[in-house]
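*Asks:* Here is a sequence with its predicted model. Questions after.
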Amino acid sequence: MQNVTMESERRLPRISPREFRDFEIHLDVDGITIIGTLGNISEEGLCFLGEDDFLSDEVQNSVIGTILWAGGTKRIFFEGKIMWVQTSKIRGKEYQLAGVQFNEKLNLTDSLLARSLQI
């Protein structure tokens, strides 16, 4: 297993939910599945956007997750750790954001990689 690092404090916001609106994220934390959307992604981690504050007590805890394409046509499974949680307004709506660091680097699909480079 590779060790990867993710900054706990991001210098600049990298949120562009419009680019990832076709992707849903499922996080399994202590047997509870939390569903949200993808804010951004890299080979080392992702930003989870949710509407509820379920993850604020989960920083440094392990998660198992799934990235789902619209219509369930494809999915990527991952394991990781919640590195940070914050509240942010995006286009006037309040979201709960969580940074997830993958335990192992992901090989992103061409469509995910292209969208992540647009940010």
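*Replies:* Done, it's in.
*Asks:* can you pull up the bridge partners for Ala98?
*Replies:* Bridge pairing for Ala98 (DSSP bridges) gives the partners Phe48, Val85.
*Asks:* can you tell me which residues contact it?
*Replies:* Counting by Cβ atoms under 8 Å, 6 or more residues apart in numbering, Ala98 touches Leu27, Cys47, Phe48, Gly50, Leu55, Glu58, Ile82, Trp84, Val85. C-betas here are computed from N, CA, C, even on glycine.
*Asks:* with those in mind, which one is nearest to Gly72?
*Replies:* Leu27 (17.0 Å; Cβ to Cβ).
*Asks:* so the closest one touches Leu46, yeah?
*Replies:* No: taking Cβ atoms under 8 Å as the definition, Leu27 is not a contact partner of Leu46, at 10.0 Å.
*Asks:* So for these two, which residue has more residues nearby?
*Replies:* Comparing Leu27 with Leu46 by other Cβ atoms under 10 Å, the one with more neighbours is Leu46, at 27 against 24.
*Asks:* Need the pLDDT of that one.
*Replies:* Looking at Leu46, its pLDDT is 94.
*Asks:* re earlier: any residues in contact with both of Leu27 and Leu46?
*Replies:* Val100.
*Asks:* Below-threshold pLDDT in this protein: ranges please.
*Replies:* Per-residue confidence for the chain (pLDDT under 70) gives these ranges: 1-19, 109-119.
*Asks:* could you pull out the helices for it?
*Replies:* Assigned by DSSP state H, the helices in the chain fall at 110-117.
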